[in-house]
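In: Build me a model:
(chains A and B)
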Amino acid sequence: MQYDSRPKYLNLFKIKLPVTGVISIFHRLTGILLFAFIPVSLYFLQLSVKDAASFQQLSVLMLSPLSRFFILLMLWSLVHHLITGLRFLLIDMEFFLSRQSSRASAWGVVIVEALVMVTVIAGLFL
Amino acid sequence: MSMVALEGLRPWILQRLTAVYLLLYVFYALAYWLFFDTLTYVHWLAWLADDVNQILLSLFYLSMLIHAWVGIRDVLLDYIKPFLIKLLLLFGVALFLIGSGFWLLKILMMVQV
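Out: Down below sits the predicted model:
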């Protein structure tokens, strides 16, 4: 019997994930965040349709720094989850299967995500 | 393919199909709203009151609830080992998602132009 001599770490901070692993674990993390945001989105939707006053109240609420932080977190989660998800769908269709194209597409995800987030932040705050 | 094999394939397929719909809907909504600088209450309500948009939004939330169920279920199955705790959490997530679906229906019924 051959023993694997690679180190086995249980300490998360010692695990060095490749970029493909990093975007993948963040896909899972943002998925959990988006799950938690479902009732928040419904609450916002409810305020937005109830009457003109609550619509106004919602637009004021969205200006506070705390809600801006959460809106940005929500938008980033959505953007990351969608772009990495699209890559996973393409992998299901047998694209990006080699190590090289897998890595390249993962970096592609990071770059596209950064560009989208810069646009989102510019659009929301400038 | 045996029925046992299909048991595992079904959530996997559901996850992908709902993902495609969610993606398409996000682009659909963006394609419409990105043309407007400001969002007014009247415009927003008229958009939501439109029959096609109501159906597409309902399908969006339905897809999201199914997608979230498969995703969160996978996360719980991966990380929670004690059987009873896992079962309770899965039950709680299911209730949470079904409740969210009914909440959306209630909101859509509030939309009157």
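In: ok, residue A:30 touching residue A:75?
Out: No: applying Cβ atoms under 8 Å as the test, residue A:30 and residue A:75 come out as separate, 10.7 Å apart. For glycine as for every other residue, the C-beta is placed from the backbone atoms N, C-alpha and C.
In: Among these two, which residue is more densely surrounded?
Out: Neighbours were counted for residue A:30 and for residue A:75 using other Cβ atoms under 10 Å in any protein chain shown; residue A:30 has more, 22 against 15.
In: element containing the more buried one, please.
Out: Secondary structure from DSSP states H and E places residue A:30 in helix A:19-50.
In: wait, does that helix make contact with chain B?
Out: Yes: Helix A:19-50 comes into contact with chain B (Cβ under 8 Å from any Cβ of the partner chain), by way of A:28, A:31-32, A:34-35, A:38-39, A:42, A:45-46, A:48-50.
In: and these, which two are the farthest apart?
Out: A:28 and A:50 (34.5 Å; Cβ to Cβ).
In: what bits of chain B have low per-residue confidence?
Out: Low-confidence segments of chain B (pLDDT under 70): B:1-3, B:5, B:113.
In: buried stuff in the helix ranked longest in it?
Out: If you go by DSSP state H, chain B has its longest helix at helix B:3-33. If you call a residue buried by 16 or more other Cβ atoms under 10 Å in any protein chain shown, then helix B:3-33 has these buried ones: B:15, B:16, B:18, B:19, B:21, B:22, B:23, B:25.
In: ok, these vs residue B:87, which is closest?
Out: Of all the buried residues of helix B:3-33, residue B:87 sits closest to residue B:15, with 21.4 Å by Cβ to Cβ.
In: and the helix holding residue A:30, what does it pack onto?
Out: Using 3 or more Cβ pairs under 8 Å, 6 or more residues apart in numbering or on different chains; DSSP states H and E, the elements in contact with helix A:19-50 are helix A:52-61, helix A:65-92, helix A:99-125, helix B:41-49, helix B:51-79, helix B:83-110.
In: if I pick the closest residue to chain A within chain B, what's in contact with it?
Out: Using Cβ to the nearest Cβ, the closest approach of chain B to chain A is made by residue B:41 at 4.2 Å. Neighbouring residues of residue B:41 by Cβ atoms under 8 Å, 6 or more residues apart in numbering or on different chains: A:48, A:52, A:55, A:56.
In: what do you get if the cut-off is 10 Å, keeping everything else the same?
Out: Going by Cβ atoms under 10 Å, 6 or more residues apart in numbering or on different chains, residue B:41 touches A:48, A:49, A:51, A:52, A:53, A:54, A:55, A:56, A:58, A:59.
In: Could you double-check that the third one lies in contact with residue B:110?
Out: Read it as residue A:51. Yes: if you go by Cβ atoms under 10 Å, residue A:51 and residue B:110 touch, sitting 9.3 Å apart.
In: just for chain A, where's the confidence low?
Out: Residue ranges of chain A with pLDDT under 70: A:1-2.
In: near chain B, which residues of it show up?
Out: A:27-29, A:31-32, A:34-36, A:38-39, A:41-43, A:45-56, A:58-59, A:78-79, A:81-83, A:85-86, A:88-89, A:92-93, A:123 (Cβ under 10 Å from any Cβ of the partner chain).
In: one more time with 7 Å
Out: Residues of chain A found near chain B (Cβ under 7 Å from any Cβ of the partner chain) are A:28, A:31-32, A:35, A:38-39, A:42, A:45-46, A:48-50, A:52, A:55, A:82, A:85-86, A:89, A:92.
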